[in-house]
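**Student:** Structure of the sequence below:
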Amino acid sequence: MIQGEDKSSVGRTRKAEPGGSTVHFMAGIAALAGLFFGYDTGVISGAILFIKDQYALFSGLEEIVVSVVLVGVGSFTAPLYISEVSPANVRGALVSFNQLAITCGIVFSYIIDYSLSGHQGWRWMFAAGIIPAIV
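**Tutor:** This is a model prediction of the structure:
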């Protein structure tokens, strides 16, 4: 027996303890990145219809515009951060929460897109994303 070793813990693996409210708070903040990522994804899909007409974008340039807006590290940094700060026993649930936030962001942006599409208000579609950032 190694000196100072606790016999009660020999041969047992310790179950990761949830970090309590701190882990959930950090995961919630990180999941906001998922919400904004989903919102941005949905907004560009609604706004590109008006942007391509206004700026006479051909399909290649349209792809570049959409790629510049959509490609970002936000799609993987938030889930990676959540998985790194979360204990093993709640990691999957908290990372899944980020995916739910992305989906909610997309649905929310589609509602905004639909409500502003009659006015061709693609600028307002993007501007609506500023409100949560200010709050």
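**Student:** Give me the residue at the spatial middle of this protein.
**Tutor:** residue 34 (0.9 Å; CA atoms, centre = their mean).
**Student:** Scan this structure for its longest helix.
**Tutor:** What stands out as the longest helix in the chain, according to DSSP state H, is helix 21-54.
**Student:** Now the element after that one, going C-ward?
**Tutor:** helix 59-70 (DSSP states H and E).
**Student:** Moving C-terminal from that next one, which element do we reach first?
**Tutor:** Downstream of helix 59-70 (by DSSP H and E), the next one is helix 74-85.
**Student:** List the buried residues of that next one.
**Tutor:** Buried residues in helix 74-85, counted by 16 or more other CB atoms under 10 Å: 74, 78-79, 81-83. For glycine as for every other residue, the C-beta is placed from the backbone atoms N, C-alpha and C.
**Student:** Which strands or helices does that helix pack on?
**Tutor:** Judged by 3 or more CB pairs under 8 Å, 6 or more residues apart in numbering; DSSP states H and E, helix 74-85 is in contact with helix 21-54, helix 88-117.
**Student:** Serialize the buried residues of helix 74-85 to JSON lines and add fields for pLDDT and distance to residue 38.
**Tutor:** Listed next are these as JSON lines, based on pLDDT from 0 to 100; distance: CB to CB, whole Å:
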{"residue": "74", "pLDDT": "62", "distance to residue 38": "10"}
{"residue": "78", "pLDDT": "78", "distance to residue 38": "11"}
{"residue": "79", "pLDDT": "83", "distance to residue 38": "13"}
{"residue": "81", "pLDDT": "83", "distance to residue 38": "17"}
{"residue": "82", "pLDDT": "84", "distance to residue 38": "15"}
{"residue": "83", "pLDDT": "85", "distance to residue 38": "19"}
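**Student:** Tabulate these (CSV), appending distance to residue 98.
**Tutor:** Formatted as CSV, the buried residues of helix 74-85 follow (distance: CB to CB, whole Å):
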residue, distance to residue 98
74, 10
78, 5
79, 5
81, 9
82, 6
83, 9
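**Student:** Between these, which sits nearest residue 62?
**Tutor:** The closest of the buried residues of helix 74-85 to residue 62 turns out to be residue 74 (CB to CB; 21.5 Å).
**Student:** which regions of the chain sit below the pLDDT cut-off?
**Tutor:** 1-20, 68-74, 135 (pLDDT under 70).
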